[in-house]
Structures are given as structure tokens and as C-alpha cells.
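Colleague: With the sequence up front, the predicted model follows.
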Amino acid sequence: LNDRAGWLVGLMVLQSMSSFIIARNESLLEAHLVIVQFLTMLVGAGGNAGNQAAVRVIRGLAVGTLNARTLRAFLWTEAKMALCLSSILGVAGFVRAAIFQVPPPETIAITASVYIIVISSILIGSLLPLGMRYVGIDPAHSSTTIQVLMDILGVTITVLVSGLILNTGLADAISSIFDVWGEAEADNGLVNATLGHL
């Protein structure tokens, strides 16, 4: 009881850092409220992906399939998995933002954030149980720890990426690109409609 309670209390205190990060970036989030609406999705994607990776490591350690001989191959597989899953979830995030008609700069910020969050969470989730075991902590604690770490890291990545894109000239450049693309699509539609009447 003491071990579990102490660990959970520590994680609860650590998780409060997310509130401080949000508070320090309040002006950015107030100016782009749509980012706040997607924040739960972004943080959740990181926590889920990291937890999956951590569970795979914990299971491998428990059954003995993950050892000094297989460690390098396992980590290389997880690295490739991180690239694939982050790309898939990045596309999914882009599609979801587009469906909800999020402005182009915010859509790109959301897409970039989910990509970085997922790839980071899988790498951390793969290494965290190994690190805990190395220092004598039960690797089973990593499944709850990764959720808290990705809450903090997910919020941090989101505000950093959003600030980089939305508070610089990148936002105007992205809007211009999407405007040109939209005009081209409209022109194509007009041409096709005209040809259809001929």
C-alpha cells in the first residue's frame, strides 16, 4: 500500500506541472482556442502510444523474451514502429482537424504536434521500463508513469510547436499556400462545369 500510494501521490504532484505550462502560455492558447480543444486528443495519443510501448517491454522482461541478446533488435523495431505510428496518427490528426474546418495554420500545428508527441512517447515508453529496472524500480510502474510524463511533455510540445508556427510568419505562409490551393480547386471545378455544359 505504501509503495503504491507514494508512487501515485508523486505522479499526481508531477502532473500538476501541466497546469503551470498552460498558465505560462495562456496568451497563445487564448488567441488560438482551437488548440485547447484538441489538447486532450494530442496528450491522449501520446499517453496511449507510450503505454503500448511500455507494456510490450514489461511483458518481454516478464516472460524473458527481452534480454541482453534481443535488446538491440527490440529497440530498433520500436524505433521503426514509432516512425510508422506517428505518421499514421499525424495523418489522422490532420484529417480530423480538416473535418472540423480548423484554420490551416492551426491544422498544421496540430498535425506536427501529434507527430512529435507520438514518436517521443513510443521512444520514452520503450526506454522507461528498462531505465527503471536498471535503477532498481519495478518496471510495472512505468505504465502509469508514462501517462503522466506524456501529459507534461504533450502539453509542452504542443505549445512550443504552436508558438513556432502560429506566432511567426509561418502562419501567413501556410494560409497563403492553402488559399492558392483552394483557388486552384475552384478554378478546376469551374472549368469542369463549363466543359460539362458544352
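Modeller: Received, thanks.
Colleague: What's the end-to-end length of stretch 164-172?
Modeller: 12 Å (CA to CA, to the nearest Å).
Colleague: Can you get me a residue count around residue 142?
Modeller: 28 (other CB atoms under 10 Å). All C-beta spots, glycine's among them, are computed from the backbone N, C-alpha and C.
Colleague: Report the spatially nearest residue to residue 138, omitting neighbours in sequence.
Modeller: residue 132 (7.0 Å; CB to CB, 6 or more residues apart in numbering).
Colleague: Show me what the helix or strand containing that neighbour packs onto, helices and strands only.
Modeller: Secondary structure from DSSP states H and E places residue 132 in helix 104-134. Counting contacts by 3 or more CB pairs under 8 Å, 6 or more residues apart in numbering; DSSP states H and E, helix 104-134 is packed against helix 33-63, helix 71-99, helix 142-166, helix 170-197.
Colleague: Could you identify which of these is most buried?
Modeller: Across the helices and strands packed on helix 104-134, averaging neighbours per residue (mean count of other CB atoms under 10 Å) puts helix 142-166 on top, at a mean of 21.
Colleague: starting at the chain centroid, how far to that one?
Modeller: Relative to the centre of its chain, helix 142-166 is centred 7 Å away, using CA atoms, centre = their mean, to the nearest Å.
Colleague: looking just at contacts, which helices and strands does that helix meet?
Modeller: Using 3+ CB pairs under 8 Å, 6+ apart: helix 142-166 touches helix 2-15, helix 17-24, helix 26-31, helix 33-63, helix 104-134, helix 170-197.
Colleague: avg pLDDT for it?
Modeller: On average, the pLDDT along helix 142-166 is 90.
Colleague: Tell me where the model's unsure across the chain.
Modeller: Residue ranges of the chain with pLDDT under 70: 1-3, 179-198.
Colleague: Which one of the helices and strands packed on helix 104-134 lies nearest to residue 17?
Modeller: Nearest of these to residue 17, taken as CB to CB: helix 142-166 at 5.0 Å.
Colleague: got the angle for that closest one vs helix 104-134?
Modeller: 150 degrees (axes from the mean of the first three to the mean of the last three CA atoms, to 10 degrees).
Colleague: so what's the residue most central in space within the chain closest to, chain neighbours aside?
Modeller: Residue closest to the average C-alpha location in the chain (CA atoms, centre = their mean): residue 117, at 2.7 Å. The shortest distance from residue 117 to any non-neighbouring residue, by CB to CB, 6+ apart, is to residue 46 (4.1 Å).
Colleague: do residue 161 as well
Modeller: Per CB to CB, 6+ apart, closest to residue 161 is residue 113, 4.7 Å.
Colleague: Quick one: distance of stretch 115-125 to the chain centre.
Modeller: Taking mean C-alpha positions (CA atoms, centre = their mean), stretch 115-125 and its chain are 7 Å apart.
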